[in-house]
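K.L.:
Task: produce atomic coordinates for the following.
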Amino acid sequence: MKPLDAARRPGFPLRMPAATSQTGATKLIAGHAREIDAAGLKYTQKQPQKPVSSAAKGVATGLGLDSQAVRARMVQKLAAQGVQDSRVLAAMEQIERHRFVDSALVNQAYEDTSLPIGLGQTISKPNVVARMLALLREGSVSPQGKLGRVLEIGTGSGYQAAILAQLARRVYTVDRYRRLAREAAALFHQLGLVNITTIAADGSYGLPDQAPFDRIIVTAAAEDPPGSLMEQLKPGGIMVLPVGQSDAVQSLIKVTRHDRGYDYEELRPVRFVPLVEGLGSE
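P.N.:
Prediction:
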């Protein structure tokens, strides 16, 4: 790991977005989804649900993509590639990735490849997901080994948020596309993941009304770490995100907040969709 090149390090004070109301990141409304205004939606389930097993759904177990052996092989490959965080690996072994991809692509669900999920978005490679989550777990965690409150920008398919739900006390996940947020929230409900709050809103502003966060993870590339998100980190908090001025030149960055400022580490080349302001059309 090496420090972010000084020429690319954002200066201080960072450019902050204009103040906005948080109607797009609405107050929690139990039991149903409600559109507050054109800025966004929040979805939540009515009652906590226990995880639904494949057997309870009438799905054959032990064979095919729902087999734990399939997920175990994926995890073994991740470990061989250098992912060492046992809690991340255990969480990835538990969550069925094929549930988060298009039915036409399920045969590729456990390959180490990104896959399209519609609206120009993708589900990241398992290797990238594992490494980003392992970075989030660096530093202080609870005595039970869990992260506290985590903000994810870019829900996408919901796969990474589902894994985060195994690793954190509470996950807030934001996507600019209402359709993706709605579909992910429905899947979280089916899987009984009750510690995830799913919001359709402009993720570039974060969630000021829920800040500060122990960890922030961003799954779309900005030119520099957004100042609005950095301000929502607790002291000692960590943000992991891709940065780059083009699709072809991006780096994974780890930002750590201290009482007197921020430390940056540039970690590895990556490729993500761009971080776009505003809500999507769907």
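K.L.:
what helix or strand does the residue positioned nearest the centre of the chain sit in?
P.N.:
When C-alpha atoms, centre = their mean is applied to the chain, the residue found nearest the centroid is E152 (4.1 Å). E152 is part of strand 147-153, with elements assigned from DSSP states H and E.
K.L.:
Correct me if wrong: E96 contacts R71.
P.N.:
Yes. The pair E96 / R71 is scored as a contact, 6.9 Å apart, by C-beta atoms under 8 Å. The way it works is simple: take the backbone N, C-alpha and C, and place the C-beta from them, glycine included.
K.L.:
and the residue nearest to Y177 when sequence neighbours are not counted, what is it in contact with?
P.N.:
Residue nearest to Y177 in three dimensions, not counting chain neighbours: G280, with 4.0 Å by C-beta to C-beta, 6 or more residues apart in numbering. By C-beta atoms under 8 Å, 6 or more residues apart in numbering, the contact set of G280 is L119, R176, Y177, R178, R179.
K.L.:
Share the number of residues neighbouring the nearest residue to the first one once chain neighbours are set aside, please.
P.N.:
Translated: L119. Spatially, and ignoring its direct neighbours in sequence, L119 is nearest to Y177 (5.3 Å; C-beta to C-beta, 6+ apart). Residues near Y177, counting by other C-beta atoms under 10 Å, number 22.
K.L.:
Phi and psi next, for Y177.
P.N.:
phi -100, psi 120 (degrees, to the nearest 10).
K.L.:
ok, which stretches of the stretch 151-282 of the chain are helices?
P.N.:
For the stretch 151-282 of the chain, applying DSSP state H, counting those that start in this stretch gives helices covering 159-167, 178-191, 227-230.
K.L.:
and those helices, which is most packed in?
P.N.:
With neighbours taken as mean count of other C-beta atoms under 10 Å, the helices of the stretch 151-282 of the chain reach their highest mean count in helix 159-167, at a mean of 25.
K.L.:
What's the separation between the residue nearest to L119 and A168?
P.N.:
Distance of Y177 to A168, computed by C-beta to C-beta, to the nearest Å: 23 Å.
K.L.:
now do P116
P.N.:
As for P116, its distance to A168 is 27 Å (criterion: C-beta to C-beta).
K.L.:
what about the two, which has more around it?
P.N.:
More crowded of P116 and A168, by other C-beta under 10 Å: A168, with 26 against 13.
K.L.:
Do I have it right that that one meets Q144?
P.N.:
No. In this structure, A168 is not within contact of Q144 by C-beta under 8 Å, at 11.0 Å.
K.L.:
what packs against the lengthiest strand in the chain?
P.N.:
Counting by DSSP state E, the longest strand found in the chain is strand 233-243. For strand 233-243, the elements it packs on are helix 126-136, strand 213-218, helix 227-230, strand 251-258, judged by 3 or more C-beta pairs under 8 Å, 6 or more residues apart in numbering; DSSP states H and E.
K.L.:
10 Å - rerun?
P.N.:
If contacts are counted by 3 or more C-beta pairs under 10 Å, 6 or more residues apart in numbering; DSSP states H and E, strand 233-243 sits against helix 126-136, strand 147-153, strand 213-218, helix 227-230, strand 251-258, strand 261-269.
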